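>>> predicted model follows, preceded by the sequence.
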Amino acid sequence: MTRWESVIGLEVHVQLQTQSKIFSGASTHYGAEPNTQACAVDIALPGILPVMNRTAVQMAATFGLATGATINHRSVFARKNYFYPDLPKGYQISQYEIPIVSGGQINIGEGDTLRKIRITRAHLEEDAGKSQHDGLGKMSGIDLNRAGTPLLEVVSEPDMRSPAEAIAYLRKIHSLVRYLKICDGNMQEGSFRCDANISIRVEGDSELGIRTELKNLNSFRFIERALNHEIQRQIDLIEDGGQVVQETRLYDSDRDQTRPMRGKEEAHDYRYFPDPDLPPLVIEDAEVEYLRASLPELPDARCDRFIDTYQLRKSDAQQLTADRGIADYFEETVREAGGNSKIATNWVTGDLMAALNRDSLPIEQSRVSPISLGKLICRINDQSISGKIAKDIFSDLWDNGGDVDQIIEARGLKQMSDSVELEQIVEKILSKFSEQADQVRQGQEKVLGFLVGQVMKETGGKANPKAVNEILSRKLSP
Amino acid sequence: MSISKSDVERVARLARIGIEPHEAERYSIDLSNILTLVEQMNKIDTEGIQPMAHPQDITLRLRDDEVKEVNKRDKFQAIAPAVNQGLYLVPKVID
Amino acid sequence: MPHRQSLSALNRMLATGGISSTEITTHFLDRIEKNQQLNAFVSVDREQTLARAQQADHSRRNERNLNLKGLPVALKDIFCTQDLLTSCGSRILSNFVSPYDATVVERLDKDGFFVLGKTNMDEFAMGSSNESSYFGPVLNPWNTARVPGGSSGGSAAAVSARLAPAAIGTDTGGSIRQPAAFCGLTGLKPSYGRISRYGMVAYASSLDQAGPITQSAEDAALLLQTMAGFDSRDSTSLDTAVPDYLSALNTGLENVRLGIPKEFLDPSIDPEVLSTIETALQEFEKLGAKLVDIELPNSGAGIAAYYVIAPAEASSNLSKFDGVRYGHRASEFSDLLDMYEKSRAEGFGDEVKRRILIGSYALSAGYYDAYYLKAQKVRRIIANDFSQAFKQCDLIAGPTTPSTAFPLGKNLDDPVSMYLNDVFTVPVNLAGLPAISLPAGFDQSGLPIGLQLIGPYLKEANILSAAHAYQKVTDWHQRIPGDYE
């Protein structure tokens, strides 16, 4: 049987999180009423002209620096000409021959499975508007609020060999752009989108097969499914004696299938040429150095540091550093918790993540602050409360807010370590359960746990289990 | 070089200009004549010359990232051929 | 009579209280109404314009703001205005009212100039005869069987017939200078980037430049002063100081080296034009200028390069006219593609379609290098020729056009002959330089002849002072066509 290998290259569209559009002063804020954020430039009134947004340039260069790419001293904006109702000028301003960023690399996997995925280029361009098809009869409605939102298109070499590698690469880029604070990464809102070029070949071949382009990939889950589906489709096609046709296909997530795009069947001839309205973009070396110096610590470096500084397992460190917000949260929690990174790791990767997932909240909107969580960990550490009570307090904080110490005080949750009071309770339990107490005295140590449980129950969980254990052991020692 | 009728039809489709068959004939003559004029530039040796896209030697000016526009939808859509609920209407777009 | 006065003279009369804006404006509005046969204007709003004049008079009386000029000027219909239609001579914009004003309009307004009316033009500024307008051809006031030139034909005819004291046009390949030459006027194309293009409907973005069409260099200086300057909304607008053009007017011609390119005095051009230009050059010499022989060896290829670059840019610039957000939309169509093709086929005229087609062709796959890229290289060579020439001279002089105004309809079916009209003007746009056309005499049939002065980049003041020196000793620029005196 033939062994097939898939070859995948990705084009990632990263919406840069500027306040205003790439060539106009209209807001990029998501979710406004249709066409209320489409100004004269965005709707392409006659006579209007584009003026470039400085922040978009800086964000693009920052991405290039973070991937070890070359920031081109001079880059050129070109017009990509085609007609589509969501493209008001009849051309998209993009970068063609000379992009702002050339080269670069993303590492995926580790050790033996480490793979270097080369980035061909990253260029600046403007986003198009959106079409709506529902409820308008035979017509479509065009909303140009998104038109002119700055995009960084990151084009990879065809270096990925499986959907899993493609996803790993995408996650890396996703993590990186959030670290760099150049994109909010929101895939549902379309801030982070991806097209894939896919071909297959017999394993060991060096030549590339005929590729198809898959569009409309808007969640990690769909991307993996779509890629798997397309690869299988190509294998089936070839094994049945057919040929792959170079075409653009759409992934339909409802049916889990891909189909050729109908609207764009004619051959493309984009007639690119340098945009006469925009002189060449020049970035001075000093600006590049300034941006380089302003780069935050990047995910891979931060992961290594977490392992070193906090003595974390690699898997925990990776999980904590994949998202800049979570890594920041974790570090602040550890600081508040007096350096107790082990407990902090358990809490952040455990209860906190679970709560965030349950309520579908990003870390920035966590209902428990790292200061509160740190304090909670301090109270566990100084034995004021047990881990079990802490979980209870965490839920309370999450649902109702408030201060850790006040909750402990108000609800009387402070752990009983006072031995006089505890001894009285232990005596009470021993007389109530004298039969079990005798069994312990006769050496059935397993029964000790039962008695501890009874003391805990009596104290409403507030007793320090360690202290209870000590008192019971002493009293029941033969 | 001459431009054939089918060249004219191909380019007219790219430019989204509907043309009748008899027009294609006429345009192919006109455009061929224009190309003959244009090809006079082939007499000039341009070896090693950088193309000139802008008449000035300036670089791109960058503006600060600030929102300066307000909603003018009503004004803009007052001159639109067809709108509904704030959307510009076009015949159904098929992906 | 106000129409026998130059813009500068009217300005002086206003300042001394010898006349009011309302009187001036009423007079010109009346003349426009009486001379509609020229077809120079496409939209005029008498009441609104008079209201502006009255407002200007009021301000002058009460606020003593003497900088506020209160003068009406005609505006080419390519500039976006909120108060009047902006049709660009095209059916596709025949119903278009701009939701904003062009920078040129704002700057005129700030200095107290207001729009007398919007003038007819070749459709989207594509033409050299003003015959491609959706609103019909404009007639030349010197001979109504002749074209006024184009594309700013309406602006030139309006000033020539003294229906307006001055006008604003645009020049992509000669569209200010050629009609100025054909109509006996002074037409200035400033350096690329000197006047903001914001709000000027784009034809060929790397070549388009606004400028005045006036009775004299002095008037041109007055309007350039108002319009020139940096605009943050135009990325190609120059952020450099604007000199005082008016005070530089009297610099004179002493020791100015006037370069005469032998390519511009080609024996194939109209001998009457040739001899008139030679006579005018002798006049410049008498005024102290030194004539220097220079070469612009590649300027002849300017037309060829221009008719690739301009249509290529135009084919892209005019894609926005798709019937979706404004402008003409076909009334019946079967689907989206059909709507695009019908709307654009109905909306654009023949010459515009030709240029969109040739431009799309030059940019299309397989032809880009041979046409577009080649033209951009030729463009650089032509620009380099000018740089070389300006090492030997301060200004370059020659005829504006190879002939005087040609008969209406003569070149209508022969686009290539039409294009050759721009042979001396086009190289200037390719290089982005400033140039002026000024009246230098008449041929035997009484048609005006224009002389072109070309300057180095941003040297408008030198061009204007040279033209002014010539106009102080000649009266060609003061001649008014017989029927309009």
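Yes, it's here. Numbers count the residues shown, from 1 in each chain, chains lettered A, B, ... in the order given.

>>> what about the residue of the stretch 101-250 of chain C found nearest chain B, neighbour count?
As assessed by Cβ to the nearest Cβ, chain B sits closest to residue C:192 within the stretch 101-250 of chain C, at 4.5 Å. C-beta here means a position set from N, CA and C on the backbone, and glycine is covered the same way. Residue C:192 has 27 neighbours, counted by other Cβ atoms under 10 Å in any protein chain shown.

>>> for it, what are its contacts?
Applying Cβ atoms under 8 Å, 6 or more residues apart in numbering or on different chains, one finds that residue C:192 lies in contact with B:55-56, C:206-207, C:209, C:236, C:429, C:432-433.

>>> which of these are buried? Put it as a PyMOL command.
Selecting only the buried entries of these in PyMOL, with 16 or more other Cβ atoms under 10 Å in any protein chain shown as the criterion:
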select buried, (chain B and resi 55) or (chain C and resi 206+207+209+236+429+432+433)
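
>>> my read: residue C:235 touches residue A:281, true?
No - between residue C:235 and residue A:281 there is no contact under Cβ atoms under 8 Å: 10.3 Å.

>>> what residues are shared contacts of those two?
A:52, B:60.

>>> buried ones in the helix or strand residue C:359 falls within?
In this assignment (DSSP states H and E), residue C:359 forms part of helix C:350-363. By neighbour count on 16+ other Cβ under 10 Å, the buried set for helix C:350-363 is C:350-363.

>>> residue ranges with poor pLDDT in the chain?
Using chain A here. A:262-267, A:415-419, A:478 (pLDDT under 70).

>>> my bad, chain C
For chain C, the ranges with pLDDT under 70 are C:64-67.

>>> what about it, which residue is the most distant from its middle?
What lies farthest from the middle of chain C is residue C:334; by Cα atoms, centre = their mean that is 41.1 Å.

>>> secondary structure class for that residue?
Three-state call for residue C:334 (DSSP: H, G, I helix; E, B strand; the rest coil): coil.

>>> is stretch C:268-278 positioned near chain B?
No - Stretch C:268-278 stays clear of chain B (Cβ under 8 Å from any Cβ of the partner chain), getting no nearer than 14.6 Å.

>>> check contacts around residue C:427.
Here residue C:427 is in contact with C:296, C:299, C:302, C:382, C:386 (Cβ under 8 Å, 6+ apart).

>>> what's the spacing between it and residue C:332?
46 Å (Cβ to Cβ, to the nearest Å).

>>> skipping adjacent residues, who's closest to residue 468 in space?
No chain was given, so I picked chain A. residue A:455 (4.7 Å; Cβ to Cβ, 6 or more residues apart in numbering or on different chains).

>>> looking at chain C here, not the other one
Residue C:468 sits nearest to residue C:217 (Cβ to Cβ, 6+ apart), 4.3 Å away.

>>> need phi/psi at the closest residue to chain A within chain B.
When distances are taken as Cβ to the nearest Cβ, chain B reaches nearest to chain A at residue B:87, 2.9 Å away. Dihedral angles of residue B:87 (phi, psi; degrees, to the nearest 10) stand at phi -100, psi 140.

>>> ok, now which ones touch it?
A:34-35, A:132, A:136, A:141-143.

>>> give me phi/psi at whichever residue of the stretch 51-200 of chain A sits closest to chain C?
Here the stretch 51-200 of chain A gets closest to chain C at one residue, residue A:90, 2.3 Å apart by Cβ to the nearest Cβ. Main-chain dihedrals, residue A:90, degrees, to the nearest 10: phi 80, psi 0.

>>> what's the answer for the one 3 residues further on, then?
The phi and psi values for residue A:93, taken as degrees, to the nearest 10, are phi -80, psi 120.
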